[in-house]
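S.K.: sequence isn't available, so here's the structure alone:
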């Protein structure tokens, strides 16, 4: 099915004018009303004055100008395949290693002292663990 066939089929099935809020439902959720409103507000729809008509506080959509615009946004589903790099070959150089001296310690604005970044874990001293103390008798209360 070509894009022209799709547009002809929609032209036969869609009403000549519909409430904009029904666009999602009528178009089979292929384009959302909110997306159309965003494009309209950014002037990305060239003939918006022909497509959209106000009726009180509602916006109506005219079928033929809408389909003419919508067809310009469509493309064939099949596209050329993307060429993958050959094995063992790199497309981009690896990122440079960060300068450890600059990233590990930050100087405060006054330059008085340096402080470690907040995500550095606290350092623990490793020592020899002592054996648990032997249980002692409880004091008897007499002296």
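M.R.: Received the coordinates, thanks. Here the structure is a predicted model, which means the values were calculated and not measured. Numbers count the residues shown, from 1 in each chain.
S.K.: can you show me the helices along the chain?
M.R.: Using DSSP state H, the helices of the chain run over residues 3-13, 23-26, 33-41, 48-51, 63-73, 100-104.
S.K.: and these, which one is worst for confidence?
M.R.: Lowest mean pLDDT of those: helix 100-104, a mean of 49.
S.K.: circling back to that earlier point, and of the helices of the chain, who's closest to residue 57?
M.R.: Between residue 57 and the helices of the chain, the shortest gap by CB to CB is with helix 33-41, which sits at 13.7 Å. Backbone N, C-alpha and C define where each C-beta goes, glycine included.
S.K.: residue 62 touches residue 49, doesn't it?
M.R.: No - taking contacts as CB atoms under 8 Å, residue 62 lies outside contact range of residue 49: 10.4 Å.
S.K.: which of these two has more neighbours?
M.R.: residue 62 (14 against 9; other CB atoms under 10 Å).
S.K.: dump the helices of the chain to a markdown table, plus distance to residue 57.
M.R.: Shown next, in a markdown table, are these (distance: least, CB to CB, whole Å):
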| stretch | distance to residue 57 |
| --- | --- |
| helix 3-13 | 27 |
| helix 23-26 | 17 |
| helix 33-41 | 14 |
| helix 48-51 | 18 |
| helix 63-73 | 20 |
| helix 100-104 | 56 |
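S.K.: burial of residue 73, as a residue count?
M.R.: For residue 73, the tally of surrounding residues (other CB under 10 Å) stands at 10.
S.K.: any idea how far it lies from residue 3?
M.R.: Per CB to CB, to the nearest Å, residue 73 is found 10 Å from residue 3.
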